[in-house]
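1. predicted model and sequence follow; I will ask about them next.
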Amino acid sequence: MTSQWNTVGHVMTHEAVAVGRDATFQEVLGTLQRWKVSALPVLAGDARVIGVVSEADLLEAEDREGGRTEGLTAGVLMSVPAVTVHPDSPTGEAARAMARGHFKRLPVVDADGCLTGIVSRSDLLKVHLRTDEDLADDVRFELLAVLKPAVAAALDVRAEEGRITLTGSVPDPSTLPLLERIVRAVPGVVHAEVRVVASPD
């Protein structure tokens, strides 16, 4: 169903790697290298996200301190405030936030600001890597949600490499403009061709 691809919560990675505010420079660096990520959420004791520490933050601190990184902690190194999203945020909103801040990933937090996962650029791109069968099923579901069952059943949905072709007939001509909007709104659809005609009874 399309709705499950529209929100961050359904594409995010639930197992998020993070560090506490007291993690040392070396601990942060080691965690970044071990997990092959470019940034980590920094958590308070109650799991609230209070900042993000990145490779860029480490490099900047190392340059500023002349290589003397002893005593530096994540709480000192991190960038604040952290840019976060909620599980129910639209995937488009997360993508825009990443683009604005040039981020590769964002912490996902609950209503209390506690970490629940991480969403990355690759997670968001999953929407566009779906099979044609998935896309066709989602289009059918969305049509069924808007049209009467008999009308939706009379429409044929074909998908090929993300391109949807919709054929058939509908009894109400005013429905025709709506059909293309429904198809184009399904995440992962790259093109919509609506060949539906109005055929009043």
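-> It's in.
2. hey, which helix is longest across this structure?
-> Among the elements of type helix in the chain, defined by DSSP state H, the one spanning the most residues is helix 132-146.
3. and after it, which helix or strand comes next?
-> Beyond helix 132-146 on the C-terminal side, the first helix or strand identified by DSSP states H and E is helix 149-153.
4. just the CA trace of that following helix, in CSV.
-> Output for helix 149-153, consisting of C-alpha atoms alone and laid out as CSV, is shown next (Å, rounded to 0.1, in the frame of the first residue of the first chain):
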residue,chain,number,x,y,z
PRO,A,149,-15.0,-0.9,-6.3
ALA,A,150,-16.8,-1.7,-9.6
VAL,A,151,-15.2,1.4,-11.3
ALA,A,152,-11.7,0.6,-10.0
ALA,A,153,-12.1,-3.0,-11.1
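5. how about residues contacting that helix?
-> 140, 143-144, 146, 170-171, 175 (C-beta atoms under 8 Å, 6 or more residues apart in numbering). Glycine gets a C-beta too; all of them are placed from N, C-alpha and C.
6. rerun that using 10 Å as the cut-off
-> Contacts of helix 149-153 from elsewhere in the structure, counted by C-beta atoms under 10 Å, 6 or more residues apart in numbering, are 140-147, 168-172, 175.
7. closest one of the residues you listed to residue 95?
-> residue 142 (20.9 Å; C-beta to C-beta).
8. secondary structure element for the closest residue to the closest one other than its chain neighbours?
-> Closest residue to residue 142 apart from its sequence neighbours, by C-beta to C-beta, 6 or more residues apart in numbering: residue 182 at 5.1 Å. Taking DSSP H and E as the criterion, the element that holds residue 182 is helix 176-184.
9. could you do residue 16 as well?
-> Using DSSP H and E, residue 16 maps to neither a helix nor a strand.
10. what about it, neighbour count?
-> 19 (other C-beta atoms under 10 Å).
11. any idea how far residue 195 is from it?
-> Remark: distance between residue 16 and residue 195 (C-beta to C-beta, to the nearest Å) = 45 Å.
12. who are the packing partners of the worst-scoring helix or strand of the chain on mean pLDDT?
-> Taking mean pLDDT, DSSP states H and E as the measure, the helix or strand of the chain with the lowest value is helix 121-125, at a mean of 83. Secondary structure elements in contact with helix 121-125, counted by 3 or more C-beta pairs under 10 Å, 6 or more residues apart in numbering; DSSP states H and E, are helix 91-101, strand 105-109.
13. what is the mean pLDDT for the last one?
-> In this model, strand 105-109 has a mean pLDDT of 96.
14. by how many degrees do it and helix 91-101 diverge?
-> 130 degrees (axes from the mean of the first three to the mean of the last three C-alpha atoms, to 10 degrees).
15. what stretches of the chain score poorly on pLDDT?
-> The model of the chain has pLDDT under 70 over residues 1-5, 127-129, 201.
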